[in-house]
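K.L.:
return a 3D structure for these sequence lines:
(chains A and B)
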Amino acid sequence: MQQDSLWQAVLGEIELTVSRGNFVTWFKNTTLQKQEEGSIVIGVANIFIKQTLEKKYTDIIKETLEKNGVKVQQVDYRIVAGPPRTPQPEKQTDHGDQPKLSSLSSDIPSSQNVFGAPAKDVLSHGYGQGLNERYTLDNFVVGDGNELAFAACQSIAQQPGTKYNPLFLYGGVGIGKTHLIQAVGNAIATRDPKLKILYISTEQFVREFVQALRQRNTASFASYYRAADVLIVDDIQFIAGKDKMQEEFFHTFNTLHQANKQIIMSSDKPPKEITPLEARLQSRFGGGMSIDMQVPDFETRCAIIGTKAQSHGTELGHEVIEYLATNGQTNIRELEGALNQLLAWCEMRGIEPTMAIAASLLNVSKARPKHLSAKQIIERTARHFQIPMEDIVGPKRDKDIVVPRQVAMYMLRNELHLSFPKIARELGRKDHTTAIHSVDKIQKESQVDASLRNAISEIKEHLYA
Amino acid sequence: MKLQVTQENLQKALNAVARVANTRGTLPILANVLISTSNNRLSIAATNLDIAITHYIGAKVSQEGSITVPARLMQDFVSSLPSGVIELDLQETKLHVSTEQYKSVVNGIVADDFPSMPAITTGKQWTVDGALFKKGLQQVVFAASNDETRPVLTGVLFQVIDGKLYIAATDSYRLAEKQLGANSEEVRLLIPASAMQDLLRVLGDGAEKVSVTHDDQQVLFQVGDVELVTRLVEGKYPDYRKLIPASFATKAVLKRSDFVNVTKVSSLFARESAGSVTIEVGETSGELSIRSVASQLGENTATATAQVTGSGSITLNSRYLLDALNALSGESVLFGFNGKLEPTLLQDSASKDYQHIIMPLKS
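P.N.:
Residues are numbered from 1 along each chain as shown, chains lettered A, B, ... in the order given. You can find the predicted model right below:
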């Protein structure tokens, strides 16, 4: 039998013969350290357990071992470092003061912590985890849509906690939120390795909190998070509807914010649209700097493809890049996917990526619009805005019908690449300039209007679902 | 077991040990104190498996024996008895406690189930002056951290450097170190601060010697009739000594009581800013002034005269400052600092035996 399973079997039996208190106190965290012919060594947490086991339980241990087919003459005990100690119940009363204490002491940035360096041992294990070194500010491609976010992040990397606190980045999927917040974390870590940087996804935060609740150890959960110098939370929108969690986050947020610790959050919607979210959190999230990150424009997409290809060690021709940027998706993650596909294809065959290969590959991956018809798009758009199909193609020019109509035109142009006269015809317009104007207008407005952009992406999702 | 003991002695012993007994643990017997006779004396002991305290008192023993009884009940009961002789008589597991007026029976648990007190058979042994030790602990223990996530800092470090014993504690924002006289042994022990607080409670004011015995896992303190055993904290203590500043750009020497007063007043206005007060030292004015601002309440500036070398200003947590000033004992105190983010030092202006470092706040 394996040592571990043998000892588990022995413990299981002893648990039935001694009282619960005795078992928990004396046997619970013991381990089988060594098993040799006729003798075993048992690891215990402290001298009291050692002496008690020696004095009172050696016979039971020997007997039970024998029942499990191991005959020993000698049982030795050795004190080994146990698992991390949980605070004594006696001290738990002190925890009442602890948030106060830690909030007082966390006023001292840990760069001035007397023991910056040795702080590595226990407390800061876990800090800095979750940061992927691949994401840096240097390899983030700056364009129109993310300039402001990038500038804010740079300033934070220089002086965390001073200017933009909290920083709230929001925007659709795959436009670089995670890259940017990870990059800030990395930049701060490089500049001052002593700072405790905590990068965490909201889901992980929730999970740890639930675990802490279950172990009744919320005090140490709180003090862990409140000791951070930089707290980076990804996808904060998932906190919506979790009341207890919001309360805990609220306190953590306040403690850190008051102590001028940097807080960075990312979300797929602006603070006001995260519901249900407590008003006090909503206002706090927006209390620093909220930045709407935009879908990258053509030039930015080109730059991104160039940079990504370079990091793969491949130089792409100008026209290949432009082709990918034009025909690939606006979502960077998919753009990267297309690029990876191209690079892998070429690498496999040992050929240079060319325009022709890119075109043939992308056509394969671009196959999906083919099953879409103009009618489907118009229908879907009408349904999204909850207006009847007759109206959208009809003569009405009320505002609540005109906008959906313009969106539909925009979609037809972007998804099916129809000509303007054809678009106009599909929507019952006579003049193709109406279509030109509409597409142009939606194009521009979607840059500034988040709700319009959301509407478009939702319609798209449904179309391709 | 049958014996007679005075109420004063029994109460003193119970007060010293009963606090250690843990009523909320899983093992009921740990909420009890062990009462047993040994060599015509009575020993009262309790443990929470982290530390164990044994208190010996004189008694007139007519029959040997031992029993464990609930600590809290026994302590409360004995302390409400009038002074005089108490008779303890054990029958089966029932302890009959009687005086002239009161007679009670306390249900006990047999002593065999009580964890035995750890014996340290091999190890180093040395002594330290009791009064000095008590004073030193009082000056140092409070600076230890109570954050269990970083166990090393919950300890008090005992170490001998160049033939002198130093004790030190820090929570990484402040640090206190006290020199406790010559010691020829080579010592480096990390002892839980909570155990040292328990030890402080049993240390009398007398000038008795404290004897310390230790191996690599536990340490035993013997003071008069009391023995305290505790585990040692594992882990490497940070090399704190290189952080103690040796020279200062700004130095002020002033009366400790003045410093305490101005800090106290200032701290009233520093409540909402987490105790942050700004200290300004002016060489030309020969003054040390403390300033605090509460945006809601108002602000305050308090000034004390001081002998100053070098001007400068620094922001500290007033609570830490007060703790440090209260731990100092001399008439006048030396306060020195360098840059705005460098550690500050407080010590007695006449002696370097006690040094207290506080990290400044970022102002």
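K.L.:
need the residues of the stretch 201-350 of chain B near chain A, please.
P.N.:
Contacts of the stretch 201-350 of chain B with chain A, taken as Cβ under 8 Å from any Cβ of the partner chain, map to B:217-218, B:231, B:234-236, B:238-240, B:243, B:274-276, B:317, B:319, B:341, B:343. Every C-beta, even on glycine, is put in place using the N, C-alpha and C of the backbone.
K.L.:
same thing but at 6 Å, please
P.N.:
Contacts of the stretch 201-350 of chain B with chain A, taken as Cβ under 6 Å from any Cβ of the partner chain, map to B:217-218, B:231, B:234, B:238, B:243, B:274, B:341.
K.L.:
between these, which sits nearest B:L90?
P.N.:
Nearest to B:L90 among these is B:Q218, at 30.5 Å by Cβ to Cβ.
K.L.:
so the closest one sits against B:R231, correct?
P.N.:
Yes. Between B:Q218 and B:R231 a contact is recorded at 5.3 Å, counting by Cβ atoms under 6 Å.
K.L.:
list the beta-bridge partners for B:W126.
P.N.:
B:V212 (DSSP bridges).
K.L.:
isn't it right up against B:E185?
P.N.:
Yes. Applying Cβ under 6 Å as the test, B:W126 and B:E185 come out as touching, 4.8 Å apart.
K.L.:
which parts of chain B are helices?
P.N.:
B:7-18, B:71-79, B:130-140, B:193-202, B:256-268, B:318-327 (DSSP state H).
K.L.:
ok, which of the ones you listed comes nearest A:R214?
P.N.:
Of all the helices of chain B, it is helix B:193-202 that lies closest to A:R214, at 26.3 Å by Cβ to Cβ.
K.L.:
how about that closest one as CSV, C-alpha atoms only?
P.N.:
Output in CSV follows, covering the C-alpha atoms of helix B:193-202 (Å, rounded to 0.1, in the frame of the first residue of the first chain):
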residue,chain,number,x,y,z
ALA,B,193,4.8,37.8,20.5
SER,B,194,1.6,36.4,22.0
ALA,B,195,3.6,34.1,24.3
MET,B,196,5.7,37.1,25.3
GLN,B,197,2.6,39.0,26.2
ASP,B,198,1.5,36.1,28.4
LEU,B,199,4.9,36.0,29.9
LEU,B,200,4.7,39.8,30.7
ARG,B,201,1.5,39.1,32.6
VAL,B,202,3.3,36.7,34.9
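K.L.:
how far does it sit from the chain's center?
P.N.:
5 Å (Cα atoms, centre = their mean, to the nearest Å).
K.L.:
got a list of contacts for stretch B:202-220?
P.N.:
Applying Cβ atoms under 6 Å, 6 or more residues apart in numbering or on different chains, the external contacts of stretch B:202-220 come out as A:47, A:79, B:16, B:118, B:120, B:123, B:125-128, B:130-131, B:133-134, B:189, B:191, B:221-224, B:226, B:229, B:231.
K.L.:
could you rerun that using 7 Å?
P.N.:
A:47, A:79, B:16, B:53, B:118, B:120, B:122-131, B:133-134, B:189, B:191, B:221-224, B:226-232 (Cβ atoms under 7 Å, 6 or more residues apart in numbering or on different chains).
K.L.:
what's the answer for stretch A:312-328, then?
P.N.:
When contacts are defined by Cβ under 7 Å, 6+ apart, stretch A:312-328 is touched by residues A:298, A:301-302, A:305-306, A:309, A:334-335, A:338-339, A:343, A:353-355, A:358-359, A:362, A:366.
K.L.:
among the residues you listed, which lie within helices?
P.N.:
Using DSSP H, the contacts of stretch A:312-328 in helices are A:298, A:301-302, A:305-306, A:309, A:334-335, A:338-339, A:343, A:355, A:358-359, A:362.
K.L.:
kindly supply the PyMOL command isolating those of the residues you listed that are buried.
P.N.:
Burial among these is assessed by 16 or more other Cβ atoms under 10 Å in any protein chain shown; the matching PyMOL selection reads:
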select buried, chain A and resi 301+302+305+306+309+335+338+339+343+358+362
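K.L.:
now the strands for chain A?
P.N.:
Secondary structure of chain A, counting by DSSP state E: strands at A:31-36, A:39-44, A:74-79, A:167-170, A:197-201, A:230-234, A:262-267, A:289-292.
K.L.:
the third one: which residues count as buried?
P.N.:
Same thing as strand A:74-79. Within strand A:74-79, the residues scored as buried using 16+ other Cβ under 10 Å are A:75, A:77, A:79.
K.L.:
which ones are touching the closest residue to the second one other than its chain neighbours?
P.N.:
If I follow you right, that is A:Y77. Nearest non-adjacent residue to A:Y77, counting by Cβ to Cβ, 6 or more residues apart in numbering or on different chains: A:K50, 4.5 Å away. Neighbouring residues of A:K50 by Cβ under 7 Å, 6+ apart: A:44, A:77, A:79.
K.L.:
so which of the residues you listed comes closest to chain B?
P.N.:
Relative to chain B, the closest of these is A:I79; by Cβ to the nearest Cβ it sits at 5.6 Å.
K.L.:
still on that earlier bit, okay if I get the residues of the stretch 201-350 of chain B next to chain A as JSON lines plus distance to A:E63?
P.N.:
Output for those, formatted as JSON lines (distance: Cβ to Cβ, whole Å):
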{"residue": "B:Q217", "distance to A:E63": "29"}
{"residue": "B:Q218", "distance to A:E63": "30"}
{"residue": "B:R231", "distance to A:E63": "30"}
{"residue": "B:E234", "distance to A:E63": "33"}
{"residue": "B:P238", "distance to A:E63": "47"}
{"residue": "B:L243", "distance to A:E63": "56"}
{"residue": "B:A274", "distance to A:E63": "60"}
{"residue": "B:L341", "distance to A:E63": "64"}
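K.L.:
pull the number of nearby residues for residue 227.
P.N.:
This is for chain A. A:A227 has 25 neighbours, counted by other Cβ atoms under 10 Å in any protein chain shown.
K.L.:
wrong one, I was asking about chain B
P.N.:
20.
K.L.:
and the pLDDT at it?
P.N.:
What the model reports as pLDDT for B:E227 is 91.
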